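[1] how does the following fold in three dimensions:
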Amino acid sequence: PREAEYHYKLALGWNETGNLSKTVSALVRAVQLNPRHARAWYNLGLARNGMNQPEAALAALLKAESVRPNDPDPPYARATILRRLRRIPEAIEAAQRTLEIQPGHPSALALLREFGL
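    Okay, the predicted model is just below:
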């Protein structure tokens, strides 16, 4: 786990420089070393999304949710990606999941209002 944390922190540093390719590489290594590292999965999802790899992003975010089911960040991130992909029913479901975890989540509420809910 310490080595996984090293790669996770390395990824955060690469992300600060804007080098998403190296960010992804370090995060992939982190989750290989510790498949239960929820924040690494979450950040991998964000980085993959930043590289215009939405399906890979969604897969990583789902993994983050499975590892830490009470974190509202992964389902909200999924909701925003799904909205961009115009997969509205799935986006609504992900936003609603966010609200199950964190009632009153302002961004999830705003997203649902966009859909007229």
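[2] quick one, longest helix in this structure?
    For the chain, the longest helix by residue count, based on DSSP state H, is helix 2-17.
[3] give the next helix or strand downstream of that helix.
    Per DSSP states H and E, the first helix or strand lying C-terminal to helix 2-17 is helix 20-33.
[4] pull the distance from that next one to the chain's centre.
    14 Å (CA atoms, centre = their mean, to the nearest Å).
[5] put the alpha carbons of it into CSV.
    In CSV, the C-alpha atoms belonging to helix 20-33 read as follows (Å, rounded to 0.1, in the frame of the first residue of the first chain):
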residue,chain,number,x,y,z
LEU,A,20,-2.5,13.8,-18.2
SER,A,21,-0.6,10.9,-19.9
LYS,A,22,1.8,10.6,-17.0
THR,A,23,-1.0,11.2,-14.5
VAL,A,24,-2.9,8.2,-15.9
SER,A,25,0.2,6.0,-16.0
ALA,A,26,0.9,6.7,-12.3
LEU,A,27,-2.7,6.2,-11.3
VAL,A,28,-2.9,2.9,-13.2
ARG,A,29,0.2,1.7,-11.3
ALA,A,30,-1.4,2.9,-8.0
VAL,A,31,-4.6,0.9,-8.6
GLN,A,32,-2.6,-2.1,-9.8
LEU,A,33,-0.7,-2.1,-6.5
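[6] what's it packed up against?
    Using 3 or more CB pairs under 8 Å, 6 or more residues apart in numbering; DSSP states H and E, the elements in contact with helix 20-33 are helix 2-17, helix 38-50. (C-beta placed from N, C-alpha, C; glycine too.)
[7] name the next helix or strand downstream of the shortest one, please.
    I take that to be helix 38-50. By DSSP H and E, the next helix or strand past helix 38-50 is helix 54-67.
[8] who touches the following helix or strand past that following helix?
    Using DSSP H and E, the helix or strand that follows helix 54-67 towards the C-terminus is helix 73-84. Contact partners of helix 73-84, identified using CB atoms under 8 Å, 6 or more residues apart in numbering, comprise 38, 41-42, 45-46, 49, 54, 57-58, 61-62, 64-65, 68, 88, 90-92, 94-95, 97-98, 101, 105, 107-108, 111, 114.
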